[in-house]
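# Kindly return the folded structure for what I paste below:
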Amino acid sequence: MNTAEFERGSRKQLRIHVLPTTRFKTFAISLYAGVPLREDTVTQTALIPFVLRRGTESYPETTQFREQLEHLYGAGFGFDVYKRGDYQIVQFRMDTINDSFVGGEEQLLDRSFAFLGEVLTKPAQENGHFKAAYVHAERETVRKKLESIVNDKMRYAAERCIEEMCKNEPYRLHPLGERKVLPAIEPAELTTAYRNWLGTASMDLYVVGDTTLEEVEELVERHFSLERTVSSDYQAQKAVRGNQDVNTVIEKLNIGQGKLNMGLRTSITYGDDNYAAALLYNGILGGYPHSKLFVNVREKESLAYYASSRYDGHKGIATIQSGIEIPHYEKAVAIIKQQLEEMRSGNITDLEMSQTKAMIRNLLKEMQDAAFEIIAYDFNRQLSGKERTPEELLAQIEQVTKQDVREAAEQFRLDTIYFLRDEKEE
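Residues are numbered from 1 along each chain as shown. Alright, predicted model coming up:
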């Protein structure tokens with residue numbers, strides 16, 4: 001595994017992380033801007049990057065905006081809006097070819113920063129606000145994305161399980177916001193929200209490629225018209241324990257296949273020393289095709305079309321997803337609970353341990369071959385305040401024992417059962 005380390009700096013209250021390397025033919029640039037998930041700001045914040053990608057001061061028309069990327073030798077540009085723990089994260093990405101592979105006197109990193117800086121800080125405007133046509137069009141884009149979740153019952157059930165489980169926590173909010181809020185968002189209001197977001201978001205800029213920290217700091221000074229007075233750090237989050245009683249929610253819609261989702265809470269988060277054991281726990285329970293849920297619920301009992309688990313180490317939550325025939329609800333719940341008890345009892349085979357370690361090992365090693373994966377892993381450090389290199393995590397994974405996994409299993413407690421079924425009378 002590559003042992004090169006990021007160099008750290010800052011400019012304009014923006015944290016800068018640079019990994020100088022010649023391993024890649026491109027520059028990978030990621031800008032993360034995070035704010036706490038809040039009901040009164042989540043929808044506006046989600047809409048902002050959709051409007052920013054429509055045009056800038058120099059390229060106010062969307063066609064001009066896209067043509068500029070072609071002038072950067074087909075540079076890739078995109079963004080994501082997601083949540084990590086109780087934070088809403090907007091991530092911008094650029095992938096630009098290294099100058100040395102182009103020839104001539106091109107300075108593509110400089111031009112890429114000029115482009116990204118303008119996207120972020122100099123959006124296309126009319127009358128001092130975002131262009132109304134862009135705001136109205138992108139409101140519709142976000143509305144359709146949120147509506148698509150309702151139409152995809154697997155995603156819908158996963159979101160609803162989280163909503164029920166975290167009904168009194170910011171984590172219940174979808175990172176794209178709420179459909180009911182969108183129609184009322186107008187250019188003046190969104191521009192105000194954008195300026196507040198730009199001034200207060202926790203910002204981290206990453207660059208991986210053949211450059212230096214000094215060069216990137218100078219590029220930020222030159223191209224990012226930021227006037228930030230504070231650099232807000234992410235606050236490490238403590239896991240919420242919830243109620244002792246399991247909350248069961250049954251929702252009825254016009255569907256053919258039942259969706260059975262379960263939410264578990266744990267005190268183990270990314271910053272904890274036993275995080276590696278929690279990763280093994282999730283992997284053995286339902287993270288991979290050899291896992292207990294897949295083998296016992298889907299393969300042996302033929303109860304589920306799919307059965308898996310996910311673990312959010314920033315929030316301290318694990319979720320189980322399964323698609324079942326509606327009459328099999330009680331039996332499926334019982335067998336899934338049985339798998340949870342098997343984990344707590346330490347009934348784990350050597351093969352389950354070795355296969356899960358191999359899967360995590362491969363993921364960590366493959367990550368080192370992808371610049372944006374390297375960046376994403378390091379960003380966990382900013383979110384959690386925990387220093388842990390991939391090499392250190394891999395070493396911890398290799399040392400985890402069955403007893404460690406059993407002890408971790410005792411820290412996972414079933415909190416919510418959510419079942420999406422048909423509308424027929426029982």
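# hey, let's count contacts and neighbours off CA atoms from now on
OK.
# Any regions of the stretch 1-150 of the chain where pLDDT drops low?
Using pLDDT under 70 as the threshold, the predicted model of the stretch 1-150 of the chain has low-confidence ranges 1-4, 100-106.
# So which residues of it form helices?
Counting by DSSP state H, counting those that start in this stretch, residue ranges of the helices within the stretch 1-150 of the chain are 42-52, 62-71, 108-121, 132-151.
# So for E178, which of those sits nearest?
Comparison of the helices of the stretch 1-150 of the chain against E178 by CA to CA identifies helix 42-52 as nearest, at 6.0 Å.
# for that closest one, packing partners?
The criterion is 3 or more CA pairs under 8 Å, 6 or more residues apart in numbering; DSSP states H and E, and the helices and strands that helix 42-52 contacts are strand 87-97, helix 132-151, helix 187-200.
# can you list contacts of the last one?
In this case it means helix 187-200. Under the criterion CA atoms under 8 Å, 6 or more residues apart in numbering, residues 35, 41, 44-45, 48, 121, 129-132, 135, 226-232 lie in contact with helix 187-200.
# For the residue most central in space within the chain, list each beta-bridge partner.
Closest residue to the average C-alpha location of the chain: Y82 at 4.9 Å, with CA atoms, centre = their mean. When bridges are assigned using DSSP bridges, the partners listed for Y82 are I89.
# What separation is there between it and Y270?
17 Å (CA to CA, to the nearest Å).
# Pull the contacting residues for the residue nearest to the centre of the chain.
Contacts were defined as CA under 8 Å, 6+ apart; by that measure Y82 touches Q88, I89, V90, P175, L176.
# run the last query once more with 6 Å
By CA atoms under 6 Å, 6 or more residues apart in numbering, the contact set of Y82 is Q88, I89, P175.
# again with D415
D415 is in contact with V246, G263, L264, counting by CA under 6 Å, 6+ apart.
# Over to L14?
Neighbour list for L14: M203, D204 [criterion: CA under 6 Å, 6+ apart].
# Any figure for the gap between it and A33?
Applying CA to CA to L14 and A33 gives a distance of 10 Å.
# Check Y73 too.
As it turns out, when the distance is counted by CA to CA, Y73 lies 27 Å from A33.
# Also S267?
The gap separating S267 from A33 is 27 Å, by CA to CA.
# ok, now E330?
Using CA to CA, we find E330 at a distance of 44 Å from A33.
# and what of M262?
Applying CA to CA, one obtains 31 Å for the distance of M262 from A33.
# who's more crowded, the two?
Between M262 and A33, counted using other CA atoms under 10 Å, the more crowded position is M262 (27 against 21).
# so where does that one fall, helix or strand?
strand 258-266 (DSSP states H and E).
# which is the next helix or strand following that strand?
Next along the chain from strand 258-266, counting by DSSP H and E, comes helix 275-282.
# Contacts for the helix or strand following that next one next, please.
The helix or strand immediately downstream of helix 275-282 is helix 292, counting by DSSP H and E. Counting by CA under 6 Å, 6+ apart, the neighbours of helix 292 from elsewhere in the structure are L285.
# again, only this time at 10 Å
With CA atoms under 10 Å, 6 or more residues apart in numbering as the contact definition, helix 292 has outside contacts at 282-286, 298-299, 307-308, 336, 338-340, 342-343, 348, 352.
# Next: stretch 337-347.
Here stretch 337-347 makes contact (CA under 10 Å, 6+ apart) with 262, 281-282, 284-286, 291-293, 296-297, 331-332, 334-336, 348, 402-414.
# Mind checking which of those residues are in helices?
Using DSSP state H to define helices, the subset of the contacts of stretch 337-347 located there is 281-282, 292, 331-332, 334-336, 402-409.
# Between L14 and A33, which contacts overlap?
A201, S202, M203, D204, L205.
# For the host helix or strand of the third one, buried residues please.
Meaning M203. Per DSSP H and E, M203 falls inside strand 202-209. Going by neighbour count (16 or more other CA atoms under 10 Å), the buried part of strand 202-209 is S202, M203, D204, L205, Y206, V207, V208, G209.
# Now the fourth one: closest residue in space that isn't a chain neighbour?
Leaving aside its chain neighbours, L205 sits nearest to L31 (4.5 Å; criterion: CA to CA, 6 or more residues apart in numbering).
# before we move on, what about the second one?
Nearest residue to M203 in three dimensions, chain neighbours excluded: A33, at 4.5 Å (CA to CA, 6+ apart).
# just checking, the one you found touches L205?
Yes: with contacts defined as CA atoms under 10 Å, A33 counts as touching L205 at a distance of 8.8 Å.
# can you list residues touching both of the two?
Common contacts of A33 and L205, defined by CA under 10 Å, 6+ apart, comprise L14, Q91, F92.
# would you turn the helices and strands packed on helix 42-52 into CSV with mean neighbour count and distance to N168?
Rendered in CSV, the data for the helices and strands packed on helix 42-52 read as follows (neighbours: other CA atoms under 10 Å; distance: least, CA to CA, whole Å):
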stretch, mean neighbour count, distance to N168
strand 87-97, 23, 15
helix 132-151, 16, 21
helix 187-200, 17, 24
